[in-house]
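Student: next input, structure requested:
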Amino acid sequence: MQNRSRKEAMRRRRRRAVRRKRIFVSLGVLATLALAFVFYRSFMSPTQEPTPIPASTPLTGDTNMQPGETDPSIGALDATDTQDATATPEATPESTPTPESTPIPTLTPPPVPDPHAVSGTEPSVLGVVSELNLNGKDIKSYERPEPFGFGPGHTYTDLEGIVTFRGDNWRQGATYGTANVQAKKLSLEWTVGTGSLPKSYNTTGSDAWTGSGWTGQPIIVRWPEATRRVMNLTESKKNKDGLIEAIYATMDGCVYFIDLETGEKTRDKIDIGVPFKGAGSLDPRGYPLFYLGAGDAVPKRSGKPARQQEFFIYSLIDGKQLYAFGKNKDPFAQRKWHAYDSAALIDAKTDTLIEPGENGILYMMKLNSHFDPVAGTVSVNPSDMLKMRYTTARSRKGAKSNTWIVGMEDSAVMWNQWLYIADNCGTFLCIDTQTMQIVWAQDVWDDTNSTPVLEEENGHPYLYISTSLHWTKDRNNKGKIPIWKIDGITGEIIWQRDYICHTIAGVSGGVEGTGLLGTNDISDLIIYPVARTPNSGNGILVALDKRTGEEVWKFDMKSYAWSSPVAVYDESGKTYVIICDTSGNMILLDGRTGARLDSINLGGVIEASPAVFGDMIVVGTRSRKICGVKIS
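Tutor: Numbering: from 1, shown residues only. Take a look at the predicted model:
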């Protein structure tokens with residue numbers, strides 16, 4: 001018994017010893033971990049935690065398509081692509097010196113700003129990196145050899161009429177002259193038939209590009225007599241005093257020339273053979289030159305060759321092509337999709353052309369143009385081809401994508417030497433064209449098709465801009481779309497007005513049209529169409545106070561609008577507003593109150609934006625008609 005008791009006592013002592021040993025070991029491990037943590041906190045740099053970014057949904061290169069259509073050149077980014085697609089360049093950390101044996105952790109790159117948060121304006125915040133190429137050679141820096149810059153919008157041209165999309169380098173509107181408005185009625189005065197073309201990736205020959213689409217604004221001009229006399233007008237039109245000519249590039253690949261008063265043709269159309277969605281531009285110096293860019297390529301079909309997207313310069317003396325550039329593919333482009341919907345600007349003083357491309361390149365070149373009205377000749381011989389491309393944090397190549405998604409579909413705005421442009425990655429840039437340096441970058445959330453509008457207030461530039469709803473939509477295809485007022489010097493947001501919109505793949509919601517800058521009796525207003533709100537088929541036209549962004553009036557539309565609103569002014573300065581919708585209606589509103597005064601149906605979907613000369617309004621439809629409407 002005693003032996004058994006001693007053995008039991010020894011077992012208990014051994015068990016207590018084992019427990020004590022385990023406790024001491026555990027305490028030692030905890031102490032070691034604690035010391036390691038203190039050491040880490042003392043000597044290591046903190047890691048920046050990224051804000052989670054939702055996986056991107058597919059982007060389309062052409063947002064202005066028929067339902068269900070997409071651009072196959074754009075690679076969709078799925079959840080596995082998000083890291084590559086959104087990462088900004090790696091930051092270099094500043095850290096406390098550490099022993100050589102201690103590894104220094106790599107900082108996580110700064111996240112892309114929350115798409116619903118106001119960002120900073122330093123280009124690095126959005127990961128903007130640019131590159132330059134001059135005459136085919138990459139260059140590190142650039143200084144323009146001569147002073148470059150634009151004056152106020154109203155000084156852009158001495159021609160009578162609308163010579164580019166939204167009129168001038170500030171893109172303030174597409175109206176020239178005044179109208180005698182008494183009855184407040186609209187009447188259809190004439191129509192001109194147009195045609196169609198197949199899409200480049202639809203080789204069945206079906207009519208995919210029909211009539212006039214977004215942006216589709218006509219150019220309207222009263223030619224000086226000396227110029228009119230040397231152009232290839234019909235004899236009766238060449239001799240018509242005060243001839244006002246509407247020039248319309250449409251999606252059937254043709255440029256039409258129309259007597260604004262009668263609807264008769266003024267000369268033979270130019271059949272180029274690729275669809276034109278953009279407005280095109282006339283030379284603001286009055287030279288008979290027409291600048292326009294293709295919106296798509298066209299496959300080979302019966303009796304006609306395939307055609308690629310290019311930007312063209314045509315003579316309006318004989319209708320012949322003088323020059324083209326940007327043919328698919330420009331080797332400097334980082335994106336497969338080549339298209340040129342932007343309306344070019346021309347700096348008269350330096351004879352320079354500016355054209356943003358949907359391939360992600362901003363083109364600038366010396367035209368070396370010459371017009372001799374006595375001899376009846378016009379020519380260009382471009383040189384000094386300067387190209388700028390850039391990427392942003394959102395446009396980085398995805399792991400599974402072989403496509404760069406950065407591109408520009410809106411038209412550039414110029415204030416002095418500063419160029420403003422937005423892209424389909426949600427970046428709004430200010431570029432100093434004297435040095436081609438990016439001055440500031442602002443996050444505008446999503447694919448931006450609406451062209452900025454600029455106005456000076458006491459000599460200070462401010463811009464109004466909005467965006468489409470694509471990849472910031474939620475799982476219910478809804479999302480918030482803002483209209484912004486932005487400081488043109490700093491890029492800072494002055495105010496923001498939000499609307500909840502719907503979207504459908506290939507047929508965008510949000511804002512596609514460009515804002516109407518109020519003047520005269522509505523000089524306190526900026527007016528925007530917002531598509532697919534409150535429901536997917538509806539829309540609104542809103543007039544916002546320029547100072548505060550508050551709604552002054554809102555017009556509810558049964559069918560949404562991609563078309564840009566335009567103004568009609570009577571001789572007293574009173575403003576009437578024209579808006580066209582996707583059910584084919586042209587609607588006349590009181591500019592001060594938004595009250596509906598009249599409407600007329602033009603028989604087909606209207607995506608294009610009208611232009612106004614006096615009492616005549618011209619717009620094209622998808623149902624293959626160009627319409628001349630009179631306001632009385």
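Student: for the chain, name the helix or strand with the lowest mean pLDDT.
Tutor: None of the helices or strands of the chain scores lower by mean pLDDT, DSSP states H and E than helix 82-86, at a mean of 27.
Student: helix or strand next in line after that one, which one?
Tutor: strand 129-134 (DSSP states H and E).
Student: what comes up buried for that following strand?
Tutor: By 16 or more other CB atoms under 10 Å, the buried positions in strand 129-134 come out as 129, 130, 132, 133. Quick note: C-beta positions are derived from backbone N, CA and C, even for glycine.
Student: list the contacts of that strand.
Tutor: 89, 138-142, 332, 384-392, 436, 438 (CB atoms under 8 Å, 6 or more residues apart in numbering).
Student: count the residues that sit near residue 592.
Tutor: 19 (other CB atoms under 10 Å).
Student: quick one: buried ones out of the contacts of strand 129-134?
Tutor: In the contacts of strand 129-134, the ones that pass as buried (16+ other CB under 10 Å) are 142, 332, 386, 387, 388, 389, 390, 391, 392, 436, 438.
Student: quote the end-to-end distance of stretch 519-529.
Tutor: 18 Å (CA to CA, to the nearest Å).
Student: which stretches of the protein form helices?
Tutor: Remark: helices assigned in the chain by DSSP state H are 2-43, 82-86, 225-230, 235-238.
Student: which of the ones you listed comes out lowest on mean pLDDT?
Tutor: Note on the helices of the chain: lowest mean pLDDT is at helix 82-86, with a mean of 27.
Student: give me the domain ranges for this protein.
Tutor: 1-31, 123-631 (automatic domain parsing).
Student: residue 517: how many residues sit nearby?
Tutor: Residue 517 has 22 nearby residues by other CB under 10 Å.
Student: likewise residue 498?
Tutor: Residue 498: 13 neighbours (other CB under 10 Å).
Student: and the spatially closest residue to residue 340 that is not a sequence neighbour, what pLDDT?
Tutor: If the residues on either side of it in the chain are set aside, residue 340 comes closest to residue 293, at 2.4 Å by CB to CB, 6 or more residues apart in numbering. Turning to residue 293, the model gives it a pLDDT of 97.
Student: how about the contacts made by residue 293?
Tutor: Taking CB under 8 Å, 6+ apart as the test, what residue 293 contacts is 276, 278, 280, 309-312, 326, 339-342, 344, 355, 357.
Student: what distance do you get for it to residue 341?
Tutor: As judged by CB to CB, to the nearest Å, residue 293 and residue 341 stand 7 Å apart.
Student: try residue 222
Tutor: 27 Å.
Student: more neighbours, the two?
Tutor: Taking other CB under 10 Å, residue 222 and residue 341 do not tie; residue 341 has more neighbours (28 against 17).
Student: how far away is that one from residue 212?
Tutor: 13 Å.
Student: isn't residue 406 right up against residue 390?
Tutor: Yes. Using CB atoms under 8 Å, residue 406 is in contact with residue 390, at 6.9 Å.
Student: common neighbours of these two, please.
Tutor: residue 360.
Student: ok, residue 567 - contacts?
Tutor: 173, 175, 516, 518, 519, 522, 575, 576, 577, 578, 591, 612.
Student: ok, 10 Å please
Tutor: Residue 567 is in contact with 172-175, 516-520, 522, 527, 575-578, 591, 612, counting by CB atoms under 10 Å, 6 or more residues apart in numbering.
Student: repeat for residue 290
Tutor: Residue 290 neighbours (CB under 10 Å, 6+ apart): 219, 247, 249, 255, 270, 280-283, 312-316, 319, 322.
Student: closest one of the residues you listed to residue 565?
Tutor: Comparing these against residue 565 with CB to CB places residue 219 closest, at 18.3 Å.
Student: how near is the residue nearest to the closest one when sequence neighbours are not counted to residue 279?
Tutor: Once flanking residues are discounted, residue 219 sits nearest to residue 247: 4.3 Å by CB to CB, 6+ apart. Residue 247 sits at a distance of 10 Å from residue 279 (criterion: CB to CB).
Student: just residue 325 next, same as before
Tutor: 19 Å.
Student: mind checking which of the two has more residues around it?
Tutor: Between residue 325 and residue 279, residue 279 has the larger neighbour count (other CB under 10 Å), namely 29 against 19.
Student: ok, that one - contacts?
Tutor: Going by CB under 10 Å, 6+ apart, residue 279 touches 162-166, 174, 215-219, 247-249, 292-293, 341-344, 411, 608-609, 611.
Student: any low-confidence regions in the stretch 401-550 of the chain?
Tutor: Applying pLDDT under 70 to the stretch 401-550 of the chain picks out residues 401-404.
Student: that older thread, pick the most buried one from the domains of the chain.
Tutor: domain 123-631 (a mean of 20; mean count of other CB atoms under 10 Å).
Student: what do residue 293 and residue 341 both touch?
Tutor: 276, 277, 278, 279, 356, 357, 358.
Student: reformat those residues as TSV; add pLDDT and distance to residue 506.
Tutor: As requested, those are exported to TSV (pLDDT from 0 to 100; distance: CB to CB, whole Å):
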residue	pLDDT	distance to residue 506
276	97	20
277	95	14
278	93	19
279	94	22
356	98	23
357	96	21
358	94	16
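Student: fine by me, we can end here.
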